[in-house]
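Engineer: Fold the following for me, if possible:
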Amino acid sequence: MLVTDPEGFTTSQEYDAFGRVLTYDDQKSERTTYGYDGTHSQPTSILHPDGATEQFEYNLWGLPTKTIDELGHETVNTYRDNGLLEMITDANGGETAFTYDNRNQLETITDPVGNTTTYAYDDAGRVVQEIGQLGGQRSYEYDAADRLTRVTDRNGRVREFTYDRVGNVTEQRWYDDTGSLVRTTGTSYDEVYNLTHITDPRASAY
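Structural biologist: Numbers count the residues shown, from 1 in each chain. This is a model prediction of the structure:
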C-alpha cells in the first residue's frame, strides 16, 4: 500500500493475510522488515534498514517475555499467574520488581538499586499519592468526571487544571510552595474542539 503525504513524500507498506505489517519503506525507500510467529499480532523480529535486528518473545497471553535490542542487550519480563508484570531483568542483571494490592493495583516499584516508589489509591482506583525513596510525596486530585485537577509535588508546588465540557484542558495554573500563583496558561479550541490558540505569559500567544 502506497501513502503520499501532502508534501508529496511517499511511503509503502506490505501486509500479510492477518493484516500484519511485513515491510515498511520510508520516504528514502529504506526498508524495515517485520517477522512473526504463528498468528500473534506482535512481531518477533524487526530488521532495520541499517541491518540491525531486534528480537522479541512472548508468552501464551501475548505478553512480552524477552527483548533483544539492536546491540544484543537482553531484557526479560516475568509475570504473575494473573498476567501482572512482576519483574524486569535488564541486560546487566539489574532487577526492577513490582507489587500489587488486593485489587491488583500497582502498589510498589523497586528499582535495581533498591529505591522503592509506593502508590496509594482512592475508592475509585485513582492514584492519589506517590511516595518516593526519601519520603517525598506527590499527590493527585480529581473531579467527578475522573479528570486530574490538581498535582502537588514533593516540594509543595501545585499545578491545577481546568477543563471544558468535553474534557479539553482550557487553563493550567502553577503555584509555588507558598501558594503564590506564578504562571497561568490558557488553551482555546474551535467549534469542533481543534486546538486553535495557546496563551503563555513566558512567550507570545500562538
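Engineer: tell me which element the residue nearest to Gln129 when sequence neighbours are not counted is part of?
Structural biologist: Leaving aside its chain neighbours, Gln129 sits nearest to Ala120 (4.0 Å; criterion: CB to CB, 6 or more residues apart in numbering). Any C-beta I mention is one placed from the backbone N, CA and C, and that applies to glycine too. In the assignment (DSSP states H and E), Ala120 maps to strand 116-121.
Engineer: Any buried residues in stretch 165-182, and which?
Structural biologist: Val169, Arg173, Tyr175 (16 or more other CB atoms under 10 Å).
Engineer: which of the residues you listed lies closest to Asp25?
Structural biologist: Closest approach between these and Asp25, by CB to CB: Val169, at 37.7 Å.
Engineer: Show me the beta-bridge partners of that closest one.
Structural biologist: Beta bridges link Val169 to Tyr163, judged by DSSP bridges.
Engineer: Let me see the contact set for it.
Structural biologist: Phe161, Thr162, Tyr163, Thr187 (CB atoms under 8 Å, 6 or more residues apart in numbering).
Engineer: which secondary structure element contains the last one?
Structural biologist: Per DSSP H and E, Thr187 falls inside strand 181-189.
Engineer: Quick check: what element follows the lowest-mean-pLDDT helix or strand in the chain along the chain?
Structural biologist: Of all helical and strand segments in the chain, the minimum by mean pLDDT, DSSP states H and E falls on strand 2-4, at a mean of 79. Scanning forward in sequence from strand 2-4 by DSSP H and E, the next helix or strand is strand 10-15.
Engineer: rewinding a little: what lines up beside the strand holding Thr187 in the sheet?
Structural biologist: Each strand paired with strand 181-189, and its direction, by DSSP bridges: strand 169-175 (antiparallel), strand 195-199 (antiparallel).
Engineer: Could you export the longest one as CSV, CA atoms only?
Structural biologist: These are the backbone C-alpha positions of strand 169-175, laid out as CSV (Å, rounded to 0.1, in the frame of the first residue of the first chain):
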residue,chain,number,x,y,z
VAL,A,169,-7.7,21.4,29.2
THR,A,170,-8.6,25.2,29.0
GLU,A,171,-6.3,26.5,31.7
GLN,A,172,-3.3,25.5,33.8
ARG,A,173,-2.1,27.3,36.9
TRP,A,174,1.2,26.9,38.7
TYR,A,175,1.8,27.8,42.4
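Engineer: Could you pull up the mean pLDDT of that strand?
Structural biologist: Average pLDDT, strand 169-175: 97.
Engineer: again, but for the last one
Structural biologist: Per-residue pLDDT values over strand 195-199 give a mean of 89.
Engineer: May I have it exported as PDB, CA atoms only?
Structural biologist: Output of strand 195-199 as PDB, limited to C-alpha atoms (Å, rounded to 0.1, in the frame of the first residue of the first chain):
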ATOM      1  CA  LEU A 195      -6.700  23.400  19.300                       C
ATOM      2  CA  THR A 196      -6.600  26.900  18.000                       C
ATOM      3  CA  HIS A 197      -4.700  29.100  20.500                       C
ATOM      4  CA  ILE A 198      -2.300  28.800  23.400                       C
ATOM      5  CA  THR A 199      -1.600  31.800  25.700                       C
END
